[in-house]
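>>> got a sequence here, can you build the structure:
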Amino acid sequence: MAAPAAAGSGDDLSGPLLDDLMPWSVRPLRTGRAWVTAPDAASLRARWDRLVRAQDAERERLFGPTRSRTPHTAVAALPGQTTATARFAREPGPCPEPVRILHGPYDEQWLLPDHRLIDAARPELWRVADGHQLFVVEHGRIPQDTGPALSVTALLPDGHSPAGRPGRIRPLYRRPGGLEPNLAPGLLALLRARHGDAVSPESVLAWILAAARHSPAGCVVPLPVDTARWTAGVELGRELLRLQLRGARGGERPRLPGGCRPYVRAAVPPAPAELSYDAEEQVLRIGTGRISPVDAGAWEFRVGGVRMLELWFERRTAVTGAEADGLEAVRPPAWPQEWTSELLELITLLALLDGLRPRQDALAPGAGIGARALRAAGVLPVPASARRPASVLGLQEEGPDGQFALL
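Numbers count the residues shown, from 1 in each chain. Alright, predicted model coming up:
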């Protein structure tokens, strides 16, 4: 009787784990205080102003001290940022310019990029975040989860999981400038030998987006033997990538065909209290506001069992409990027009992603490159060095209190 495949290495039908194909991964960001992120940049600036104007005990309360961060903690600046590094209690400095991030799978929000305010900012991600980088975000799995296992973004992602079970963040490149792909050593050579010299890090990423599946062992990515299936999967993955980048890197923003595009039929009120959906009329109601047509696939689109549209709305309307009088309660006085535009774009994105699901489901596993072939090619086992971040030499970063270190 043949010995079973090694745990985590996959077999001909299930395929290897994503953890072996893209071995360097980083845990999600942990802000430690919810007020450093917001759906709009103006609220972050207003929160900063309120914090720096507060005195002594009130400032301490608004700051929200944790074991990792207090107003007296000394930390280095985040890579690529020019924020102050003096202890916040002594010298807050000017408000840092908010940066756009991806909060969870599809929610674009803003973050104050001040290391003094963030418990675990994952500096290794900031070091490689540039105009060439793409980030794969692995979603936490729950039983019977039929949603996508992964999403991808050109923004810095925080890796938040709607299911409350964090996954991992996997950069496509280990170094700035699109250098050194974060792929298991030998994987590109193996795939090129089977499917041609056109196989690139980006096409491997496209295949992963199209083929990745949840499994009890983790995120599994079958690797096909058949070149026709590889080509079809890469084509599908490139479409998924184009949609999720939302116009970044010179692409076009997602757009539904005429007759299917959602429009505002009744304006969203200043303070909408609830979100609901009428499947028969294909209408999304936001308080007294109405948007239609909204495809049922967009409304039902879930990650980790959570409806994405409902979660998006809740993050913009819910302020409860002890935080209601804290900085997180500093929000726009009325629903901004920009949020309505962002909602229309999100509806469009989810509808288009849902429309590609039949093609993803049809990408049947079939015969695949199994553990034996991966071991023979030297892809498995993955060396420990591939799971660690690469050294980024020559990048000068400001340390605590203005000191500099060469990394």
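
>>> please make it C-alpha for all contacts and neighbour counts, starting now.
Noted.

>>> center of this protein - which residue?
In the chain, the C-alpha nearest the mean C-alpha coordinate belongs to residue 157, at 3.9 Å (CA atoms, centre = their mean).

>>> what sits against that one?
Neighbouring residues of residue 157 by CA atoms under 8 Å, 6 or more residues apart in numbering: 101-104, 135, 137, 169.

>>> among these, who's most crowded?
residue 137 (28 neighbours; other CA atoms under 10 Å).

>>> hey, where'd the helices end up in the stretch 251-400 of the chain?
296-299, 308-317, 337-355, 357-361, 371-376 (DSSP state H, counting those that start in this stretch).

>>> any idea which of these gets closest to residue 203?
The closest of those to residue 203 is helix 357-361. By CA to CA, the value is 15.9 Å.

>>> picking that back up, how about the helices of the stretch 251-400 of the chain in a markdown table, adding mean neighbour count, mean pLDDT and distance to residue 290?
What follows is the helices of the stretch 251-400 of the chain, written out as a markdown table (neighbours: other CA atoms under 10 Å; pLDDT from 0 to 100; distance: least, CA to CA, whole Å):
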| stretch | mean neighbour count | mean pLDDT | distance to residue 290 |
| --- | --- | --- | --- |
| helix 296-299 | 19 | 98 | 14 |
| helix 308-317 | 17 | 96 | 14 |
| helix 337-355 | 18 | 98 | 11 |
| helix 357-361 | 13 | 94 | 27 |
| helix 371-376 | 16 | 93 | 52 |
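
>>> let me see the ranges of the helices in the stretch 51-200 of the chain.
Under DSSP H, counting those that start in this stretch, the stretch 51-200 of the chain gives helices at 56-63, 123-128, 187-195.

>>> least confident pick among the contacts of residue 157?
Ranked by pLDDT, the contacts of residue 157 bottom out at residue 104 (91).

>>> measure that one to residue 343 for me?
As judged by CA to CA, to the nearest Å, residue 104 and residue 343 stand 15 Å apart.

>>> residue 275 reaches residue 290, doesn't it?
No: using CA atoms under 8 Å as the test, residue 275 is too far from residue 290 to be in contact (9.9 Å).

>>> compare neighbour counts for the two and give me the winner.
residue 290 (21 against 16).

>>> the more buried one bridge partners, please.
Beta-bridge partners recorded for residue 290 (DSSP bridges): residue 266, residue 285.

>>> what's it in contact with, if anything?
So residue 290 contacts 264-268, 283-284 (CA under 8 Å, 6+ apart).

>>> residue 119 contacts residue 28, doesn't it?
No: look at residue 119 against residue 28 with CA under 8 Å: they stay out of range, at 11.4 Å.

>>> residue contacts, residue 33?
63-64, 117-118.

>>> which one of those residues sits closest to residue 96?
Comparing these against residue 96 with CA to CA places residue 117 closest, at 11.0 Å.

>>> hang on, isn't the closest one packed against residue 68?
No: counting by CA under 8 Å, residue 117 stays clear of residue 68, with 9.5 Å between them.

>>> who has more neighbours out of the two?
Comparing residue 117 with residue 68 by neighbour count (other CA under 10 Å), the higher total belongs to residue 117, at 24 against 12.

>>> quick check: closest non-adjacent residue to that one.
In this structure, residue 117 finds its nearest non-sequential neighbour in residue 69, 6.7 Å apart by CA to CA, 6 or more residues apart in numbering.

>>> between residue 119 and residue 28, which is the more surrounded one?
Between residue 119 and residue 28, counting by other CA under 10 Å, residue 28 is the more crowded of the two (21 against 18).

>>> wasn't the more buried one part of a helix?
No: Residue 28: not assigned to a helix; according to DSSP: H, G, I helix; E, B strand; the rest coil it is coil.

>>> and it, how close does it get to residue 367?
Residue 28 is 34 Å from residue 367, by CA to CA.

>>> what's the domain layout of this protein?
As recorded under automatic domain parsing, the domains making up the chain are 18-254+362-406, 263-319+330-356.

>>> mean pLDDT lowest for which of the ones you listed?
Ranked by mean pLDDT, the domains of the chain bottom out at domain 18-254+362-406, with a mean of 93.

>>> do I have it right that residue 269 meets residue 335?
Yes: using CA under 8 Å, residue 269 is in contact with residue 335, at 7.1 Å.

>>> pull the number of nearby residues for residue 89.
Residue 89 has 15 nearby residues by other CA under 10 Å.

>>> hang on, it packs against residue 74?
No: using CA under 8 Å, residue 89 is not in contact with residue 74; the gap is 10.1 Å.

>>> now whatever helix or strand residue 232 lives in: buried residues?
Per DSSP states H and E, residue 232 falls inside helix 227-245. Going by neighbour count (16 or more other CA atoms under 10 Å), the buried part of helix 227-245 is 229-231, 233-245.

>>> any idea how far residue 52 is from residue 118?
16 Å.

>>> so between the two, which is more surrounded?
Comparing residue 52 with residue 118 by other CA under 10 Å, the one with more neighbours is residue 118, at 22 against 18.

>>> ok, now which ones touch the residue lying closest to that one once chain neighbours are set aside?
With sequence-adjacent residues excluded and distances taken as CA to CA, 6+ apart, residue 118 is closest to residue 31, at 4.4 Å. Residues near residue 31 by CA under 8 Å, 6+ apart: 117-121.
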